[in-house]
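Student: return atomic coordinates for the entry below.
(chains A, B and C)
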Amino acid sequence: MIEVTELCRTFSKGKRLRRTEHPTVTALDRVSFSVPTGETHGILGPNGAGKTTLIKILSTMLVPTSGRAVVAGHDVVSQTDVVRRRIGMVFGGDRGLYDRISARQNLAFWATLYRVDPRRVDARAAMLLERVGLTDRADEPVERFSRGMRQRLHLARGLVGDPSVLFLDEPTVGMDPVAAREFRSLVGELRAEGRTILLTTHDMGEAEALCDRVTLVDHGRVLVTENTADVGRTLGEPQGIDIVLAPHQSETLESLSKLPEVRSVERLSGAHAFRVHTEPPASVETVMRWLVDHGVLSLQVRPPTLEEVYVRLIGKRGLTV
Amino acid sequence: MSFAELPTTYTLRSWTVGWVIRLGSQALFFVLLGRLTGATGRLEYMLVGNSVAVVAMETMFVSATAVTERFQGTFPLLVVSPANMGLVYLGRGLHWPASGLASSFAVLSALSLVFSSPWHWWQVVLALPLLVLVAVSTYCYACLIAALSLRNVKFRTLYPETGALLLTAFCGVNVSTSFWPEPLHWLAQLLPLTHGLEAVRHLLNGGAASSVLLQAGLEIGCAALWAGLTLLLFERIVAAGRRDGSLGFS
Amino acid sequence: MSTHVLLAAAKVQWHTSIRAPEHLLVLATAPLFTLIFLSVFRDTGRPDLVANAVLGTGLLGIWFVAVNVAGGVIQNERWMSTLELVLVAPRPLALIMCGRILPVMLIGSLTLGESWIVATLAFDVDLPVRHPLLALVALLVTLAASACTATMLAALFVMSRNTEMIQAALSYPFYVLGGLVFPLSSLPDQVEFTGRLFYLSWAADLLRDSVTRGTVDNAWGRIATVAGMGAAALVIGVLLLRKVSDRARATGAVSLA
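Tutor: All right, here's what the predicted structure looks like:
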């Protein structure tokens, strides 16, 4: 459904005074990946990694410098018009809506633009409002809406053309947790309908909850594309061992924490449950053998979470850039 | 603080190119209208009126400055600062009457030259202190309008535009205040610009010094009146804003 | 289908404008302009210039909204970040923008009615229209030409950096060049010649003539001139809009600066 091959995009920096040479910034550097029909695919990466540039190219907002992108079977550069009819675009933040008119009027306008039969425009707007739970407020001007409501309206807007591919560019950014959760459950429904969804996000929890597969990008390059569930197992070394001790094993705990391979022991919420962090991570095996020898029977090696993989691959750059 | 903003608000080029064209051509437009009527003295009458009115137009920009403040979110910070809100505002936009004074003087001089007006150049120079007076009084009025714009940000362009046009219509800019029905005529006596403009007319037409001074004194009275009203309004706005929370949002 | 898009865009603009005091500003200022113009003409004993005052206010209103409201439609879309969404919608940008400009012109033309009412109520003016049909056609063509010119301006403004300054420069100098209140023939030759390149000067003369003159020379030729100048502006506008969207796709930025 989405096929990206060796996609590059550079921007010229600074003022365009002369058409001669000027320094360029590479936003995308030979990016390749593909998203099969019906998949929800996450693009993860820090600010400035090239996520938004990628979405802009795929949604025909921007042309690539080189490389090729095919969406819904059509090239985004040469068959722009066909692509546009098949896609929906939703971006985060609270912009991108006509503030002074009502939610219904917003949707009716976009429905006409997306070639909905004029006789069915009103019905379509009503249906979408119902779907995103805005029916009660449908005739109020959008400027009175909360962030979460605006974002739901944005999603409805992206759906007016009944797109087979939906692009969500950091859709939950700046939302409060409850609103973000509602929004995610809406995206979950769309996923269940078999739409292909490409989602960029910073939020690893969101990616884990929604995405079948994820692609990690940084500095405009793809670091990895992997199933969300397996990304930790394939990539990272184990992050720790979760254990449950019997009530009489308090001495074991003490000597465990003195092992040279053990960096720290963290108390978990359950009774007598602990997480053992090893140093270096490869010494997990040594520690496991020690635990078994000391009669610890409940133990489980924990693969790194998506967040830990992200932090390891990308470092803490996300915080500073 | 306010004069520090002058270079950023205006680069010299955009100042001359943009606003002198805008305000100068506005005065020119009305002068040409006066010429069209063919009535004796009407061109000169409207030339003086509209040149002096330029200062009123420009001081109205204090509304824009005030509203920008509100959008930047610095407004609540000003409210909680230990200074008097109204005074802070009167100080914040002071560069507008200053530049308005310069524009007005430039337009008056240029148009006098172009239309070879009967008065001497030194009379125009002597009018400067009177223009300062008009700058001050219209600025006090403009600050009141800025306060209204702050209260009702939606009307931020409506208030100053209408406020300026009211002065142009009724303060003796194009027709004498006595042209209008009695109530309007009396209202004009309380508005800024009316007496200051009258003083400039007396000066340029070689009227008696006493009548110039009398009108100047009345203009000072108007300035005081509008300054007082402005300070009062600001106090009410701040008080109301603290009650209903309307000051905080951007 | 294109008409539907045009109407949908017009609806959005109408619903936006009636809730936007800055779009309706001209309806508040127009009566004051009429008062000012008429006071001057009454004071100087020129009842023959009443048509100049009333029609002048209306033309001023139409030109004002063309420059300040219609000219800003793309700029507004950019500020609200809806421009990107409009650009990726499967419809031409020019069509959507034209649709948005239509109701704005309607607001501008309301000033003419306001002005008429103010003249009648405040100054007890009786202004009969000598050639009502011609006046109506001239008005409609003027509105259309203004909408076309506004399309061009909207594209220009979004590409330029100093929109507010250009808008300011397009006010009074063009009230003079367009002969909106006083005829161009009353001005020096060079000014008159420059003014003749501006559609409003033809429109203003024609409207005044159709209201006040017994016979109007070459009426249809003059209407054609206004329409032709409007059409030229529209062509330039559509080309510029295409450039705007191509540019946005190529560079990710809309403005030229």
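Student: just give me the longest helix of chain C.
Tutor: When chain C is parsed with DSSP state H, its longest helix is helix C:219-251.
Student: if you count contacts, what does that one end up packed against?
Tutor: Secondary-structure packing of helix C:219-251 (3 or more Cβ pairs under 8 Å, 6 or more residues apart in numbering or on different chains; DSSP states H and E): helix C:83-88, helix C:93-123, helix C:132-159, helix C:199-212. Any C-beta I mention is one placed from the backbone N, CA and C, and that applies to glycine too.
Student: and those helices as JSON lines, adding mean pLDDT and distance to chain B?
Tutor: Converted to JSON lines, those look like this (pLDDT from 0 to 100; distance: least, Cβ to the nearest Cβ, whole Å):
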{"stretch": "helix C:83-88", "mean pLDDT": "87", "distance to chain B": "21"}
{"stretch": "helix C:93-123", "mean pLDDT": "93", "distance to chain B": "10"}
{"stretch": "helix C:132-159", "mean pLDDT": "93", "distance to chain B": "15"}
{"stretch": "helix C:199-212", "mean pLDDT": "95", "distance to chain B": "13"}
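Student: pick the most buried one from those.
Tutor: When you average the neighbours per residue for each of those (mean count of other Cβ atoms under 10 Å in any protein chain shown), helix C:199-212 leads with a mean of 25.
Student: packing partners for it?
Tutor: Helices and strands in packing contact with helix C:199-212 are listed as helix C:50-68, helix C:132-159, helix C:172-177, helix C:219-251; criterion 3+ Cβ pairs under 8 Å, 6+ apart.
Student: contact partners of that helix?
Tutor: In this structure, residues lying in contact with helix C:199-212 by Cβ atoms under 8 Å, 6 or more residues apart in numbering or on different chains are C:48, C:51-52, C:55-56, C:59, C:63, C:127, C:129-131, C:134-135, C:138-139, C:141-142, C:145-146, C:149, C:174, C:177-180, C:183-184, C:195-196, C:216-217, C:219, C:222-223, C:225-226, C:229-230, C:233.
Student: mind running it again at 7 Å?
Tutor: For helix C:199-212, the surrounding residues in contact (Cβ atoms under 7 Å, 6 or more residues apart in numbering or on different chains) are C:51-52, C:55, C:59, C:63, C:127, C:129-131, C:134-135, C:138-139, C:142, C:145, C:149, C:177-180, C:183-184, C:195, C:216, C:219, C:222-223, C:225-226, C:229-230.
Student: swap in stretch C:243-253?
Tutor: When contacts are taken as Cβ under 7 Å, 6+ apart, the neighbours of stretch C:243-253 outside the stretch itself are A:11, A:56, A:61-63, C:87, C:93, C:155, C:158-159, C:254.
Student: pick out the most distant pair among those residues.
Tutor: The distance between the two most remote of the contacts of stretch C:243-253 (Cβ to Cβ) is 23.2 Å, for A:Phe11 and C:Ala155.
Student: spell out which parts of chain B neighbour chain C.
Tutor: B:14, B:17-19, B:21-22, B:25-26, B:28-29, B:32-34, B:36-37, B:39, B:42, B:154-155, B:157-158, B:161-162, B:165-166, B:168-169, B:174-175, B:179 (Cβ under 7 Å from any Cβ of the partner chain).
Student: rerun that using 8 Å as the cut-off
Tutor: Proximity of chain B to chain C, by Cβ under 8 Å from any Cβ of the partner chain, involves residues B:14, B:17-19, B:21-22, B:25-26, B:28-29, B:32-39, B:42, B:46, B:154-158, B:161-162, B:165-166, B:168-169, B:174-176, B:179-180.
Student: got any ranges where the stretch 201-321 of chain A has weak pLDDT?
Tutor: Counting by pLDDT under 70, the low-confidence segments of the stretch 201-321 of chain A come to A:233-239, A:281-282, A:316-321.
Student: swap in 90 and give it another go.
Tutor: A:201-209, A:216, A:218-219, A:223-224, A:226-321 (pLDDT under 90).
Student: give me every residue that touches the closest residue to chain C within it.
Tutor: Closest approach of the stretch 201-321 of chain A to chain C (Cβ to the nearest Cβ) occurs at A:Gly220, with a separation of 14.1 Å. Residues in contact with A:Gly220, defined by Cβ under 8 Å, 6+ apart, are A:9, A:26-29, A:31, A:49-50, A:53.
Student: would you state the strands of chain B in chain order?
Tutor: Ranges of strands within chain B: none, based on DSSP state E.
Student: tell me where it has helices.
Tutor: According to DSSP H, the helices that chain B contains are B:6-9, B:12-14, B:21-37, B:42-59, B:62-72, B:75-80, B:85-92, B:95-114, B:121-126, B:128-151, B:158-170, B:182-190, B:194-204, B:209-244.
Student: can you redo those as CSV with mean neighbour count and distance to A:Arg131?
Tutor: As requested, the helices of chain B are arranged in CSV below (neighbours: other Cβ atoms under 10 Å in any protein chain shown; distance: least, Cβ to Cβ, whole Å):
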stretch, mean neighbour count, distance to A:Arg131
helix B:6-9, 12, 48
helix B:12-14, 10, 50
helix B:21-37, 22, 50
helix B:42-59, 27, 52
helix B:62-72, 18, 35
helix B:75-80, 14, 39
helix B:85-92, 18, 48
helix B:95-114, 21, 52
helix B:121-126, 14, 71
helix B:128-151, 25, 40
helix B:158-170, 22, 39
helix B:182-190, 13, 58
helix B:194-204, 25, 62
helix B:209-244, 16, 36
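Student: with respect to chain A, which of these lies nearest?
Tutor: Nearest of those to chain A, taken as Cβ to the nearest Cβ: helix B:62-72 at 14.7 Å.
Student: list the contacts of whichever helix in chain A runs longest.
Tutor: Selection of the longest helix in chain A by residue count, based on DSSP H, yields helix A:177-192. Under the criterion Cβ under 8 Å, 6+ apart, residues A:40, A:131-133, A:146-148, A:151-152, A:155, A:159, A:166, A:168, A:171-172, A:175, A:197, A:199, A:203, A:206, A:209-210 lie in contact with helix A:177-192.
Student: sort out for me which of the residues you listed are in strands.
Tutor: Assigned to strands by DSSP E, the following of these qualify: A:40, A:166, A:168, A:197, A:199.
Student: among the residues you listed, name the buried ones.
Tutor: A:40, A:166, A:168, A:197, A:199 (16 or more other Cβ atoms under 10 Å in any protein chain shown).
Student: got JSON lines for those, with distance to chain C and pLDDT too?
Tutor: JSON lines is the format used below for these (distance: Cβ to the nearest Cβ, whole Å; pLDDT from 0 to 100):
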{"residue": "A:Thr40", "distance to chain C": "21", "pLDDT": "94"}
{"residue": "A:Leu166", "distance to chain C": "13", "pLDDT": "94"}
{"residue": "A:Leu168", "distance to chain C": "14", "pLDDT": "93"}
{"residue": "A:Ile197", "distance to chain C": "17", "pLDDT": "95"}
{"residue": "A:Leu199", "distance to chain C": "17", "pLDDT": "93"}
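Student: can I get those residues in a markdown table with distance to B:Gly196?
Tutor: Shown next, in a markdown table, are these (distance: Cβ to Cβ, whole Å):
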| residue | distance to B:Gly196 |
| --- | --- |
| A:Thr40 | 70 |
| A:Leu166 | 64 |
| A:Leu168 | 61 |
| A:Ile197 | 67 |
| A:Leu199 | 64 |
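Student: what's the helix or strand for A:Gln300?
Tutor: A:Gln300 belongs to strand A:298-302 when elements are defined using DSSP states H and E.
Student: right, and the helix or strand after that strand?
Tutor: Heading C-terminal from strand A:298-302, the first helix or strand you meet, by DSSP H and E, is helix A:306-314.
Student: can you tell me the centre-most residue of chain B?
Tutor: B:Ala56 (1.9 Å; Cα atoms, centre = their mean).
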